[in-house]
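Novice: what shape does this take:
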Amino acid sequence: MSREIWVRVAEVRPLLHHLTNRVAAPLQAEVALALGACPVMTCWPPEAGSVARGADGVLVNAGTPETEALAGQDEALAATEGTEIPRLLDLVGCGLSLPRTERLRTLLARHRFACVKGNGAEVAALAGRPALLRGVEGAMEVREEDLADLARRHRTLVLATGGTDRFADPFHTGRLAGGHEALRSLPGSGCALGTALLAALAAGVEPFEAAGAAVGLFAAASTRAASQSCGPGSFRVAFLDALGEARTGGLPLPEAEGTP
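Specialist: So this is what the prediction gives:
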C-alpha cells in the first residue's frame, strides 16, 4: 500500500506550507519536489494566514524560534483552525530549553494537529521525561507507554524517530527500523521526514497509514542512497533520486509492523 501512496502524492501534487527552520528549509523543499508535491515557505505574519488557508497541508517546525517566525506560525494556525487542512507539529529541540518546551506544549494545548513528530528525546521531553539532547540531536528511545499516552491525550498521531521509528494514534501503535545511519550526515533529514509525512496527509492519507509510509520511504531511500554514494555530498543527491523513484512506484518499500 505504501507504494501507491507516493504515486498518489505525485498525482495530487499537494501544496505544502512550511513554517520551518532556516537550516532544514532547503532540503525540505527538495524532498517535497522530489515526491511531486509543491512547497511554499513563508513565516511572514502578514501573509502566513492567507497562505496557510490556500495550502493542502501546514507544517510548523520549532527549529529556529525567532520572533517573526513564531508570530507567523501563530497566524497560520489561527487561520486554519477548524478547517480540514492537516497540520503537523515538529518538536525540534523540545527539551533543549524551558521556553521552547513550554511553547510547544502551549501549541498542543491550543490547537489540534493531525500529527506530532520528533526524535525519541524530543518526544520523551514532551512527555515530561529527561531529554538526552546534544543541541537538537537525540539518540534515546521514547517509552511506548509515553508515546501512546501522548497520542491519547492530544488526540493525534505521535511519531518518534530513532534506531526504531515508533508511532501511535489513540488506538494503534506501529514501528519500523529507522533509516540508514548516513541520514545523520544530512542536515535537516528529520525535518524532511515531516515534509514527506505531510505530503501523504495532504493527499488524503489517514495519519497512521501516512506515518508508516513516510518512515518506510525514508528507510528505503536512505538505504538505496548509502549503497550508491561515497560521502555526504553524493548521498544527498542519491537520496533525492531515490525519493523520486517512489513517485512512479519504482522504489521497493518496507511495511511497518503493527499497521491495522
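Novice: so W44 sits against Q73, correct?
Specialist: No. In this structure, W44 is not within contact of Q73 by Cβ atoms under 8 Å, at 11.2 Å. For every residue, glycine as well, the C-beta is placed using N, CA and C.
Novice: more neighbours: which of the two?
Specialist: Q73 (25 against 13; other Cβ atoms under 10 Å).
Novice: contacting residues for that one?
Specialist: 19, 43, 48, 60, 107 (Cβ atoms under 8 Å, 6 or more residues apart in numbering).
Novice: contacts for the stretch of helix or strand A238 belongs to, please.
Specialist: Using DSSP states H and E, A238 sits in helix 232-246. By Cβ under 8 Å, 6+ apart, the residues outside helix 232-246 that reach it are 3, 6, 27, 30-31, 34-35, 182-183, 185-186, 196, 217, 220-222, 224-226, 228-229, 251, 253.
Novice: how far does that helix sit from its chain's centre?
Specialist: On the basis of Cα atoms, centre = their mean, to the nearest Å, helix 232-246 is displaced by 18 Å from the centre of the chain it belongs to.
Novice: follow-up on the earlier one: got the contacts of Q73 as TSV, with secondary structure columns?
Specialist: Shown next, in TSV, are those (DSSP: H, G, I helix; E, B strand; the rest coil):
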residue	secondary structure
L19	strand
C43	coil
A48	helix
V60	strand
L107	helix
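Novice: restricted to buried residues, select the residues you listed in ChimeraX.
Specialist: Listed next is the ChimeraX selection for buried residues among the contacts of Q73, using 16 or more other Cβ atoms under 10 Å:
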select :19,43,48,60,107
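Novice: now, which of the contacts of Q73 sits nearest R13?
Specialist: L19 (20.2 Å; Cβ to Cβ).
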